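**Student:** here are the coordinates; sequence isn't available:
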């Protein structure tokens, strides 16, 4: 877990932001410096983490790895925070500062993909059975991938033997489920031969979220241009350097990161069975304010 400390003053209201209500929207949380924004985001993560720790979620693998997604999103945020400050390079009599826009957007895309997998496994399903089928399909796919690795200095055969036994047990269980029976013949073949468990691409998965159309249609392709080293990414970085707008460009990326994380935290909180326990007021305000920017459709002029 991330952190465990005592917090009081929990807010007992529905945690999901409704587009027509902006009671928790506070523009002062947006119109502030980047360091303060990150501090507030980190506080949201640590406060929620302590609530989860206190509830003692148990040993169920599906629930346990729900929180591992949570920690992955947190770690990506911390990495972006560190990179955004830049790195001072000293070598002999040379000194310069490096701010890597591409690396920030690479981590941002990784964060978005983690969010989308979380959503596809935990938020999108309407039944517990479908959640478990998707989770163990995802888990099995990872084990299948690992059986193909050959890493020097590691007892690969022992790990492979263990993984193959777990894969067999998972397959045996999943084949008895309604969710497996509902697959098309081609999907069953893909499941058996290749370990596939989902038949939706990243953009299709993004469309199933509550992000606004602008995010659904643009954000993944934009971030992918950096991951794939398309010319547009180099053109934009060069232009930002030439116009001395690196810091503004980084701030825009950070804003996107905070929006993605606050929408994720809304979904994550809603997925928890906490009954009467609420989120601290300050955290709820921050999450709903920033999440609002990614959820609500902008009004058309005229």
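**Tutor:** Alright, I've got the coordinates. Fair warning: this is a prediction, and the values are worked out from it, not measured in the lab.
**Student:** The nearest residue to residue 190 once chain neighbours are set aside and residue 145, how far apart?
**Tutor:** Excluding its sequence neighbours, the residue lying closest to residue 190 (CB to CB, 6 or more residues apart in numbering) is residue 196, at 4.2 Å. From N, CA and C alone the C-beta is placed, and that goes for glycine too. Distance check for residue 196 against residue 145: by CB to CB, to the nearest Å, it reads 12 Å.
**Student:** Compare these two (neighbour count), which wins?
**Tutor:** Legend: neighbour count by other CB atoms under 10 Å for residue 196 and residue 145, higher for residue 196 (17 against 11).
**Student:** Any stretches of this structure with poor pLDDT?
**Tutor:** For the chain, the stretches flagged by pLDDT under 70 are 1-25, 57, 151-154, 298-302.
**Student:** quick one, helices of it?
**Tutor:** Here the chain has its helices, by DSSP state H, at 34-55, 61-84, 101-118, 128-146, 156-174, 178-181, 185-194, 202-207, 213-227, 231-242, 246-271, 281-295.
**Student:** can you redo those helices as a markdown table with distance to residue 90?
**Tutor:** Formatted as a markdown table, the helices of the chain follow (distance: least, CB to CB, whole Å):
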| stretch | distance to residue 90 |
| --- | --- |
| helix 34-55 | 24 |
| helix 61-84 | 18 |
| helix 101-118 | 20 |
| helix 128-146 | 40 |
| helix 156-174 | 41 |
| helix 178-181 | 57 |
| helix 185-194 | 49 |
| helix 202-207 | 40 |
| helix 213-227 | 27 |
| helix 231-242 | 21 |
| helix 246-271 | 20 |
| helix 281-295 | 36 |
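**Student:** what about these, which gets the closest to residue 94?
**Tutor:** helix 231-242 (17.9 Å; CB to CB).
**Student:** Please name the nearest non-neighbouring residue to residue 66.
**Tutor:** Closest to residue 66 by CB to CB, 6+ apart is residue 122, at 5.8 Å.
**Student:** Distance-wise, check that neighbour relative to residue 90.
**Tutor:** Look at residue 122 and residue 90: by CB to CB, they are 46 Å apart.
**Student:** Neighbour count for the two, which is higher?
**Tutor:** Just comparing residue 122 and residue 90: by other CB under 10 Å the higher neighbour count belongs to residue 122, 20 against 8.
**Student:** correct me, but that one touches residue 270?
**Tutor:** No - judged on CB atoms under 8 Å, residue 122 makes no contact with residue 270 at a distance of 9.6 Å.
**Student:** Please parse this structure into its domains.
**Tutor:** For the chain, the structural domains run 10-124+208-295, 126-199, going by automatic domain parsing.
**Student:** deepest of those domains, which one?
**Tutor:** Among these, domain 10-124+208-295 has the highest mean neighbour count (mean count of other CB atoms under 10 Å), at a mean of 17.
**Student:** So what's the gap between that one and the chain middle?
**Tutor:** 7 Å (CA atoms, centre = their mean, to the nearest Å).
**Student:** Going forward, the N-terminal residue is numbered 575.
**Tutor:** Shifting the count to begin at 575 puts that one at domain 584-698+782-869.
**Student:** Give me the distance between the residue lying closest to residue 738 once chain neighbours are set aside and residue 771.
**Tutor:** Nearest residue to residue 738, sequence neighbours excluded (CB to CB, 6+ apart): residue 721, at 6.3 Å. For residue 721, the distance to residue 771 equals 16 Å [CB to CB].
**Student:** Repeat that for residue 765.
**Tutor:** 7 Å.
**Student:** go on, residue 605?
**Tutor:** With distances taken as CB to CB, residue 605 is found 43 Å from residue 771.
**Student:** do residue 791 as well
**Tutor:** Distance of residue 791 to residue 771, computed by CB to CB: 26 Å.
**Student:** again, but for residue 730
**Tutor:** In this view, residue 730 and residue 771 are 24 Å apart by CB to CB.
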